[in-house]
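Chemist: Sharing a model prediction with you, sequence too.
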Amino acid sequence: MDAVLLAAGKGTRMRSGLVKVLHPILGLPVLGHTLKTLADLGVKRPRVVVGNQADQVRSFLKQASKLFGQSSIPVLQAQQKGTGHAVRMTVPSLRKSRGDVLIWPGDMPLLKTETLKRFMAEHRQTGSSVSVLSCVVPDPHGYGRILRAGGRFIGIREELDASEAERRIQEVNTGVYLFKAPALFRALRKLKPANRKAEYYLTDTIEILAAEGMDVQAFPLAAPQEGQGINSREDLAKAIQVMKNREIQRHMAQGVTFEAPEQTFVAAGVKIGQDTVIYPWCYIEGNVKIGRGCQIGPFAKIRSGSVLGDGAVVGSFVEVNRSKLGKAVLVKHLAYLGDAVIGDGANIGAGSITANYDGVHKHATRIGKKAFIGSNTVLIAPVQIGDHAKTGAGAVVTAGSHVRRGETAVGVPAKTVKRKK
Ligand code: UD1
Ligand code: CA
């Protein structure tokens, strides 16, 4: 199967300097969620129609291709003359297609892989030349309406061109279609911008194919929520909520406790081990791995690139950033760990901070196994604390220091003291 994503539009109603499809949902741009679903469906070379901020969208496509093992092909639509015009741009690249072509607006990230599979099965069973994924909604305002005659699907009417009676129709077009490739190419050639907006409407292909005597079908979504497009910041917030809940449900199904799922943010693709408990008000970014039996929060922020070993405790008002915590590391209160590697069983006292940024570069902190970092220690990176070493409360360990195995460093600047026997 081939697929075309439409992502050339600006997204005016977002009122943003950033093109709509690049707004993040759980750390991944809107378009990324769609690309990921296509990758799950086995689509290797999605054609992506780009236009507004084409360079930014192209550079995201490169990143996403690596992420999802895909090679998406950007196709430029220099001027946005409508959805039909956008798909036309991809024809040279799709020329050799003989199978089905899936068309999907890049601003509809909530559609699930299973739903698309079901849609594909329905399309193939009926053998129709085009199938439209429709959606029954309480408020159809702004969408194209599905026209039926005696139950049979006959076309789509855009709101601007619709009569009073047509506007009352609650079955709407999601903008997702499956076409037999030859039928698509034929219908695209016949499109005319004969509507109030003077655009080439992809939706007109339905009436064109029906007039040719071809079979056309519309299949309503079982879960209308999946058909929610993103047109405004309000839609974006709703989509974030839906995606976040799906992620948290996935973790719960795998044995993770969330005390307050509504008050917790977990990015897409995070790994969390069994029997870990996430207390309320935590914020966990993407590319984070948390082991088994950990305790996180309340009020913890785990940022990208962090790995927490089994049994680690990251407590209240702790931020962990690009850091690797060994097994059973305890960081229970008020700490910042950035670019740190911390050995098994180390204890990081309240108020301890890695000063990892000197204004120009980020530097690493290494803390050994079973080390004990006293309350309010400042570790000015690069710095190294050996296994079983300690720092006193309020110590400021200066850049380049190495507190050796078993030693204790105290004071400002911290100096090693003789250990009492
Ligand atoms: C479109 C459908 C409408 C459907 C709705 C679902 C048409 C004519 N109408 O309307 O029936 O209910 O989607 O959301 O197709 N795009 C381009 N190039 C263009 C125009 C649009 O790439 O020249 C892309 C946009 O970036 C967007 C998608 O196509 O991802 C849909 O465009 P949009 O302008 O939002 O269409 P709607 O008016 O919402
Ligand atoms: Ca839209």
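Modeler: Looks like it came in fine. Numbers count the residues shown, from 1 in each chain. Ligands and ions are numbered 1, 2, ... in the order given.

Chemist: Any residues of the stretch 51-200 of the chain in contact with ligand 1? List them.
Modeler: 77, 80-83, 85-86, 105-107, 143-144, 156, 158, 172-175 (C-beta under 6 Å from any ligand atom). Where you see a C-beta, it was placed from the backbone N, CA and C, and this is true even at glycine.

Chemist: now do 5 Å
Modeler: Q80, G82, T83, A86, P105, G106, D107, Y143, G144, N173, G175 (C-beta under 5 Å from any ligand atom).

Chemist: now swap in the stretch 201-350 of the chain and tell me
Modeler: With the criterion set to C-beta under 5 Å from any ligand atom, the stretch 201-350 of the chain comes near ligand 1 through Y201, L202, T203, G229.

Chemist: pretty sure the last one contacts W104?
Modeler: No. Contact status for G229 versus W104: not in contact, 10.9 Å apart, counting by C-beta atoms under 8 Å.

Chemist: Which of those two has more residues huddled nearby?
Modeler: Counted by other C-beta atoms under 10 Å, G229 and W104 do not tie: W104 has more neighbours, with 25 against 20.

Chemist: Format the residues of the stretch 51-200 of the chain next to ligand 1 as TSV; extra columns: pLDDT.
Modeler: Listed next are those as TSV, based on pLDDT from 0 to 100:
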residue	pLDDT
Q80	95
G82	96
T83	97
A86	98
P105	96
G106	93
D107	93
Y143	94
G144	97
N173	97
G175	97
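
Chemist: Buried ones only from those residues, please, as a ChimeraX command.
Modeler: Selecting only the buried entries of these in ChimeraX, with 16 or more other C-beta atoms under 10 Å as the criterion:
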select :80,82,83,86,105,106,107,143,144,173,175
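
Chemist: Ligand 1: which of the residues of the stretch 51-200 of the chain next to ligand 1 is nearest?
Modeler: Of all these, G144 has the smallest distance to ligand 1: 2.2 Å, by C-beta to the nearest ligand atom.

Chemist: contacting residues around the closest one?
Modeler: I156, R157, E158, E159, V172, N173, G175, T203 (C-beta atoms under 8 Å, 6 or more residues apart in numbering).

Chemist: Next one: the first one from A237, what distance?
Modeler: With distances taken as C-beta to C-beta, to the nearest Å, I156 is found 28 Å from A237.

Chemist: out of those two, which sits in the busier spot?
Modeler: Neighbour count, other C-beta under 10 Å: between I156 and A237, I156 has more, with 26 against 12.

Chemist: Show the subsequent helix or strand relative to the host helix or strand of the more buried one.
Modeler: Assessed by DSSP states H and E, I156 sits inside strand 152-157. Downstream of strand 152-157, the next assigned helix or strand under DSSP H and E is helix 164-167.

Chemist: between the next helix or strand after that next one and strand 152-157, how many degrees?
Modeler: The C-terminal neighbour of helix 164-167 among helices and strands, as given by DSSP H and E, is strand 171-180. If you take axes from the mean of the first three to the mean of the last three C-alpha atoms, to 10 degrees, strand 171-180 sits at 100 degrees to strand 152-157.

Chemist: which other helices and strands contact strand 171-180?
Modeler: Secondary-structure packing of strand 171-180 (3 or more C-beta pairs under 8 Å, 6 or more residues apart in numbering; DSSP states H and E): strand 100-105, helix 113-126, strand 130-136, strand 145-149, strand 216-220.

Chemist: Mean neighbour count, these: which tops it?
Modeler: Greatest average neighbour count among these goes to strand 130-136 (a mean of 25), per mean count of other C-beta atoms under 10 Å.

Chemist: and it, which strands flank it?
Modeler: Within its sheet, strand 130-136 is paired with strand 171-180 (antiparallel), strand 216-220 (parallel), according to DSSP bridges.

Chemist: what bridges to V341?
Modeler: Beta-bridge pairing of V341 under DSSP bridges involves K324, R366.

Chemist: At which residues are the helices of the stretch 151-300 of the chain located?
Modeler: Assigned by DSSP state H, counting those that start in this stretch, the helices in the stretch 151-300 of the chain fall at 164-167, 181-190, 204-211, 233-253.

Chemist: buried sites along the second one?
Modeler: Using 16+ other C-beta under 10 Å as the burial criterion, the residues of helix 181-190 that qualify are A181, A183, L184, F185, R186, A187, L188.

Chemist: Please name every helix or strand in contact with it.
Modeler: Counting contacts by 3+ C-beta pairs under 8 Å, 6+ apart, helix 181-190 packs against helix 83-88, helix 91-94, strand 100-105, strand 130-136, helix 204-211.

Chemist: ok, now which ones touch whichever residue of the stretch 301-421 of the chain sits closest to ligand 1?
Modeler: Proximity of the stretch 301-421 of the chain to ligand 1 (C-beta to the nearest ligand atom) peaks at S304, 27.8 Å away. Going by C-beta under 8 Å, 6+ apart, S304 touches G27, E285, G286, N287, V288, N321, R322.

Chemist: Same question for A210.
Modeler: I154, G155, V216.

Chemist: mind checking how far the last one is from Y357?
Modeler: V216 is 59 Å from Y357, where distance means C-beta to C-beta.

Chemist: cool, and the second one?
Modeler: In this view, G155 and Y357 are 60 Å apart by C-beta to C-beta.

Chemist: The first one now?
Modeler: As for I154, its distance to Y357 is 63 Å (criterion: C-beta to C-beta).

Chemist: Among these two, which residue is more densely surrounded?
Modeler: Neighbours were counted for I154 and for Y357 using other C-beta under 10 Å; I154 has more, 15 against 12.

Chemist: isn't the more buried one right up against L147?
Modeler: Yes. Counting by C-beta under 8 Å, L147 is a contact partner of I154 at 5.2 Å.

Chemist: what sits against L6?
Modeler: With C-beta under 8 Å, 6+ apart, L6 has these contacts: V49, T83, A86, V87, I103, W104, P105, G106, G175.

Chemist: in a strand, that's where it is, yeah?
Modeler: Yes. Checked against DSSP: H, G, I helix; E, B strand; the rest coil, L6 lies within a strand.

Chemist: Can you check the distance spanned by stretch 65-74, start to finish?
Modeler: By C-alpha to C-alpha, to the nearest Å, the extent of stretch 65-74 from end to end equals 11 Å.

Chemist: who touches the nearest residue to A7 once chain neighbours are set aside in this structure?
Modeler: Spatially, and ignoring its direct neighbours in sequence, A7 is nearest to G106 (3.4 Å; C-beta to C-beta, 6 or more residues apart in numbering). Going by C-beta under 8 Å, 6+ apart, G106 touches L5, L6, A7, V21, V30, L31, T34, V48.
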